[in-house]
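Engineer: Curious how this folds, go ahead:
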Amino acid sequence: MGHVLSSVLALHVWKVLPKTLFGFHVPWLRAGGRLFWALVMFFAGIAIAGYLTTKPKPRERATWAQSIFGAILVWVLLILGYGTIPHEWLQFAGSYLNFGTDTFFLHKNQLGGVIPFDINRQTIAHVVATGIYGFVLTTNVALFARWQKRPEPAPLEEGADAAPTQGWLRRRARRTSAFGRPVTVNE
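Structural biologist: The predicted structure follows:
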């Protein structure tokens, strides 16, 4: 029974990644499958967000549904960038690459006495995770700034219909209620 519960509760990612890539044997690609797919989704989201920040602002205001959908997509990118990718990197480095405390990157005084302490491989894995956090934070701030500084839409041509596109704004411009009755306003 324990085997059934553990297989139901565990996240299973299919091994759809190849064993060879362009004729080269890359055994780590299948072992880092979740890390690979998280990176693909994250960079695809960053590319989409980068493209959207170059488009001019729309003339009409966003609806609640559009705003909530955009907020969910930003939340997904933040979860991938700050949670999933660093976690999967640390799991991959600790299990497959064997970056633990028992293997060393540099020993004390190995570089002619320049470094007076040992640096193990687990420290290197954590430095890479810190670099991931720094990259995601920089990208986060840069995309937020680009989103706020999107180009303004081109002005309407003279004689062009400047009527609002949303329903309640059209009704307000025509001075009719939602039921089609004329609205009288003291101005």
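
Engineer: CA atoms for contacts and neighbours, from now on please.
Structural biologist: OK.

Engineer: Kindly format the C-alpha coordinates of stretch 139-148 as CSV.
Structural biologist: Presented in CSV, the C-alpha positions along stretch 139-148 are these (Å, rounded to 0.1, in the frame of the first residue of the first chain):
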residue,chain,number,x,y,z
THR,A,139,15.0,40.2,-14.5
ASN,A,140,11.9,40.7,-12.3
VAL,A,141,12.8,44.4,-11.6
ALA,A,142,13.8,45.0,-15.3
LEU,A,143,10.5,43.5,-16.6
PHE,A,144,8.4,45.5,-14.1
ALA,A,145,10.2,48.7,-15.1
ARG,A,146,9.7,47.9,-18.8
TRP,A,147,6.1,47.2,-18.2
GLN,A,148,5.6,50.6,-16.6
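
Engineer: and Pro58, how many neighbours?
Structural biologist: Pro58 is flanked by 10 other residues according to other Cα atoms under 10 Å.

Engineer: got a list of what the spatially most central residue of the chain touches?
Structural biologist: By Cα atoms, centre = their mean, the mean C-alpha position of the chain lies nearest to Leu77, the distance being 2.5 Å. Taking Cα atoms under 8 Å, 6 or more residues apart in numbering, we find Leu77 in contact with Phe42, Gly45, Ile46.

Engineer: again, only this time at 7 Å
Structural biologist: Phe42, Gly45 (Cα atoms under 7 Å, 6 or more residues apart in numbering).

Engineer: Need the three-state assignment for it.
Structural biologist: At Leu77, secondary structure determined by DSSP: H, G, I helix; E, B strand; the rest coil is helix.

Engineer: On the pLDDT front, check it for me.
Structural biologist: Note on Leu77: pLDDT of 93.

Engineer: Start the count at 14 instead of 1 going forward.
Structural biologist: Sounds good: first residue 14 from here, last item Leu90.

Engineer: Look up how far Met54 lies from it.
Structural biologist: Per Cα to Cα, to the nearest Å, Leu90 is found 8 Å from Met54.

Engineer: Please read off the pLDDT at Ile81 from the model.
Structural biologist: Ile81 is assigned 93 on the pLDDT scale.

Engineer: So, low pLDDT: which residues of the protein?
Structural biologist: 14-31, 118-120, 122-126, 129, 169-191, 193, 198-200 (pLDDT under 70).

Engineer: Helices of that one, residue ranges please.
Structural biologist: All helices of the chain, identified by DSSP state H, fall at 15-22, 41-44, 46-65, 77-92, 98-108, 134-161, 180-187.
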